[in-house]
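S.K.: Let me see the structure of the following:
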Amino acid sequence: MEKVRLDKWLWAARFFKTRKLATDAIKGGKIRLNGARPKPSKDVEIGFEVVISYGAFDKAIVVKNLSDKRGPAKVAITLYEETAESIAKRESQQEIMRIDNATRPKSDGKPNKRERRKLSDFKKGGGGFPKDQ
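M.R.: Model (predicted):
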């Protein structure tokens, strides 16, 4: 096997649960193949670099093997290798987020009555700022 469709390979490598989700991610611009935005039918070859965006994180991987069949996770891991730069960048971003969450004040997420009134005034344009006349 020399080439495999990108959506099939992402599904076989277990990055997405279904081919439809893989196709949607490719069409949505969440996947980059060798720095370009591909179509789902683009062929993947060994040595290609694939960048997958997961929210705030990017995962850069290099294609090591090809498969168009979804197998066990132990086999899927052999299809790719994450780059060292990608691992370091992702870990540093996770550390920054962890520190940010630790320093953020704890809240139950629901504003109290005073906070709701301030928010309502702000949305209406009162917000405590001088009005333009």
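S.K.: Only C-alpha atoms from now on, for both contacts and neighbour counts.
M.R.: OK.
S.K.: What are the contacting residues of the helix ranked longest in the chain?
M.R.: Taking DSSP state H as the criterion, the chain has its longest helix at helix 84-103. Residues outside helix 84-103 that contact it (CA atoms under 8 Å, 6 or more residues apart in numbering) are 57, 58, 59, 60, 61.
S.K.: for this protein, what spans make up the strands?
M.R.: Along the chain, the stretches classed as strands by DSSP state E are 4-5, 31-33, 43-44, 49-54, 57-63, 80-82.
S.K.: returning to that earlier point: strand 57-63 and the longest helix of the chain, what's the angle between them?
M.R.: 160 degrees (axes from the mean of the first three to the mean of the last three CA atoms, to 10 degrees).
S.K.: show me what contacts the residue most central in space within the chain?
M.R.: With distances taken as CA atoms, centre = their mean, residue 54 lies nearest the centre of the chain, 0.7 Å away. Each residue near residue 54 by CA under 8 Å, 6+ apart is listed here: residue 30.
S.K.: so what's it bridging to?
M.R.: residue 57 (DSSP bridges).
S.K.: can you pull the pLDDT of it?
M.R.: For residue 54, the model assigns a pLDDT of 87.
S.K.: for the one 5 residues further on, same thing?
M.R.: In this model, residue 59 is scored at 94, pLDDT.
S.K.: what's the neighbour count on it?
M.R.: 17 (other CA atoms under 10 Å).
S.K.: Can you give me the distance of it to residue 90?
M.R.: Going from residue 59 to residue 90 by CA to CA, to the nearest Å gives 8 Å.
S.K.: quick one on the thing from earlier: can I get the strands of the chain in JSON lines with distance to residue 101?
M.R.: Output for those, formatted as JSON lines (distance: least, CA to CA, whole Å):
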{"stretch": "strand 4-5", "distance to residue 101": "40"}
{"stretch": "strand 31-33", "distance to residue 101": "28"}
{"stretch": "strand 43-44", "distance to residue 101": "39"}
{"stretch": "strand 49-54", "distance to residue 101": "19"}
{"stretch": "strand 57-63", "distance to residue 101": "16"}
{"stretch": "strand 80-82", "distance to residue 101": "27"}
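S.K.: That's all I had, so thanks and see you.
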